[in-house]
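Participant: just a sequence and a predicted model for now, questions to come.
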Amino acid sequence: MDRDRLKELAGDERFIPGIYNYCDRWCERCSQTLHCLNFSVSEEEFSEPESRDIRNEAFWRKLSQILVEALESLKEAGKKWGIDPEAFESASDTESVRIKDEAAENHVVCRAAGAYGSMVEDWVKRREGLLFETASVGDGGVEIEEAFEVIRWYQYFIGAKVARAIRGRIEEEERGDELAGDSDGSAKIALVAMDRSIGAWAMILHCNSLCAEGALEIISFLDRLRQAVEETFPSARSFIRPGFDRIDLNG
Ligand code: SF4
């Protein structure tokens with residue numbers, strides 16, 4: 001996609017600004033594809049099957065073209081405003097980024113969110129066979145498959161979004177922002193993902209008690225993680241995600 005097409009798309013009013021920042025990236029199930037610039041760019045750029053395959057060279061070639069175009073557009077915009085983006089990078093900036101990254105990674109909530117992904121992986125290794133074997137001979141096969149898909153989709157997504165929220169909060173505190181913004185948005189979608197994952201785990205337990213071993217422990221862990229995220233980001237639940245949440249005029 002050339003720069004002009006990218007600019008043309010970016011100026012299209014049907015797109016909701018920033019909608020892709022706080023979504024769950026599950027485009028196949030998204031109700032807002034029509035209003036998402038990210039989705040439209042991907043559809044145009046990755047229309048060929050090989051360009052959608054992460055193992056194919058065409059995918060990486062396409063991705064790097066998009067990055068080059070985006071960087072060029074940024075530089076162009078910078079010039080217009082008299083800003084040189086390359087002047088931002090210095091050794092002390094790099095060190096400061098490293099320190100903040102490390103602080104975020106070591107944050108207790110971040111580590112717990114990462115541990116959830118590993119707990120699920122261990123559980124799946126031990127139980128997946130039994131789960132689908134018993135589902136195929138009894139009721140609840142469809143529900144189990146659906147629940148399992150939800151768990152798998154959010155398994156690592158939760159950790160990534162919690163990490164983004166913590167990292168964002170560190171930046172906001174450093175800048176002295178009075179209102180948290182982006183970090184609350186990331187925490188909100190992490191919470192939504194945890195709500196849905198807990199629901200999916202409950203569905204698995206309901207359909208197949210043989211799989212209860214370990215699952216209850218995971219639900220309880222995820223519930224505690226959810227509480228910890230709510231305590232760390234007390235305004236996250238009321239964050240309005242563009243395109244997904246509505247402002248409650250009565251509240
Ligand atoms: S807003 Fe919807 S379509 Fe756009 S990236 Fe997110 S999930 Fe995909």
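Facilitator: Arrived safely.

Participant: convert the C-alpha atoms of the strand or helix carrying residue 4 to PDB, please.
Facilitator: Assigned by DSSP states H and E, residue 4 falls within helix 3-10. This file holds the C-alpha atoms of helix 3-10, laid out as PDB (Å, rounded to 0.1, in the frame of the first residue of the first chain):
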ATOM      1  CA  ARG A   3       1.500   6.400   1.200                       C
ATOM      2  CA  ASP A   4      -1.300   8.200  -0.600                       C
ATOM      3  CA  ARG A   5      -3.600   5.200  -0.100                       C
ATOM      4  CA  LEU A   6      -2.600   5.000   3.500                       C
ATOM      5  CA  LYS A   7      -3.400   8.700   3.900                       C
ATOM      6  CA  GLU A   8      -6.700   8.400   2.100                       C
ATOM      7  CA  LEU A   9      -7.700   5.600   4.400                       C
ATOM      8  CA  ALA A  10      -6.600   7.400   7.500                       C
END
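
Participant: for the helix or strand following that helix, give me every contacting residue.
Facilitator: Where DSSP H and E defines the elements, the next helix or strand beyond helix 3-10 is helix 37-45. Helix 37-45 is contacted from outside by 1, 5-6, 9-10, 12, 15, 19-20, 27, 30, 33, 51, 62, 65-66, using C-beta atoms under 8 Å, 6 or more residues apart in numbering. Any C-beta I mention is one placed from the backbone N, CA and C, and that applies to glycine too.

Participant: same thing but 10 Å
Facilitator: Helix 37-45 is contacted from outside by 1, 5-6, 9-12, 14-21, 23, 25, 27, 30, 32-34, 36, 51-52, 59, 62-63, 65-66, 69-70, using C-beta atoms under 10 Å, 6 or more residues apart in numbering.

Participant: of these, list those near the ligand.
Facilitator: 19-20, 23, 25, 27, 30, 32-33, 36 (C-beta under 6 Å from any ligand atom).

Participant: and these, which are buried?
Facilitator: 19-20, 23, 30, 32, 36 (16 or more other C-beta atoms under 10 Å).

Participant: Throw the residues you listed into CSV and include pLDDT, thanks.
Facilitator: Compiled in CSV, these are given as follows (pLDDT from 0 to 100):
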residue, pLDDT
19, 94
20, 94
23, 96
30, 95
32, 94
36, 94
